[in-house]
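**Q** Generate a structure from the sequence data that follows.
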Amino acid sequence: MLDPKTLAIPDRPGNNRLDSQSNIVANPNVGLLFIIPGFDDTLRVNGKAQLTRDPALLDTMRVKDRAPSLAIVVSISEVFMHCAKAFRRSHLWSPDHFQDRSGFPSLSKIILDQTTGAPQDDGEMERIDADLEDIYKKTLY
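**A** Residues are numbered from 1 along each chain as shown. Below is the predicted model:
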């Protein structure tokens, strides 16, 4: 929060897609939904967004000595709560309703199947998945 009517969101390293930034340039109207694990209620913030590379602002958003290269600044026009019905119906935070991931392919396998083709060797796929986990650890911030 920069002030009671303005918030800033750092652009952390991700998948290097610029969809959100391009959308903001084309149409600055945004709606943000804040979800807190374990809470069924959600907070909605609507407003107008702009992109900034202001070094002073970006420096305040450092994590592990790394500042983001861009931030989204939102001038808030409306804030309200959403009721908990949808999350309660979905059992979103209930571990006994979580899906067993072992029956699903990994993210790496899905991407490779859709692009170049995943290796058929399980050992090679395990190495690729392990490499992705290592990249997550090294490039989270």
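**Q** contacts and neighbour counts: CA atoms only from here.
**A** OK.
**Q** what separates stretch 22-34 from the chain centre, distance-wise?
**A** Computed by CA atoms, centre = their mean, to the nearest Å, the chain-centroid distance of stretch 22-34 equals 14 Å.
**Q** Repeat that for stretch 42-54.
**A** With CA atoms, centre = their mean, you get 14 Å for stretch 42-54.
**Q** what does the average pLDDT come to for it?
**A** Average pLDDT, stretch 42-54: 97.
**Q** Could you shift the numbering so residue one becomes 57, and keep it that way?
**A** Yes, from this point I'll number from 57; that puts the last item at stretch 98-110.
**Q** for it, which positions count as buried?
**A** Residues of stretch 98-110 classed as buried: 98, 101, 102, 103, 104, 105, 106, 107 (neighbour count, 16 or more other CA atoms under 10 Å).
**Q** and those, which of them are in strands?
**A** Here DSSP state E is the test, and those give 98, 101, 102, 103, 104, 105, 106, 107 as lying in strands.
**Q** okay if I get these as TSV plus distance to residue 125?
**A** Formatted as TSV, those follow (distance: CA to CA, whole Å):
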residue	distance to residue 125
98	28
101	24
102	24
103	22
104	20
105	16
106	14
107	11
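**Q** what about the spatially most distant residue from the centre of the chain, distance to residue 170?
**A** Taking CA atoms, centre = their mean, the residue of the chain most remote from its mean C-alpha position is residue 177, at 31.5 Å. For residue 177, the distance to residue 170 (CA to CA, to the nearest Å) stands at 17 Å.
**Q** quick one: secondary structure of residue 63?
**A** strand (DSSP: H, G, I helix; E, B strand; the rest coil).
**Q** Isn't it up against residue 129?
**A** Yes - with contact defined as CA atoms under 8 Å, residue 63 reaches residue 129; the gap is 5.8 Å.
**Q** Good, wrapping up.
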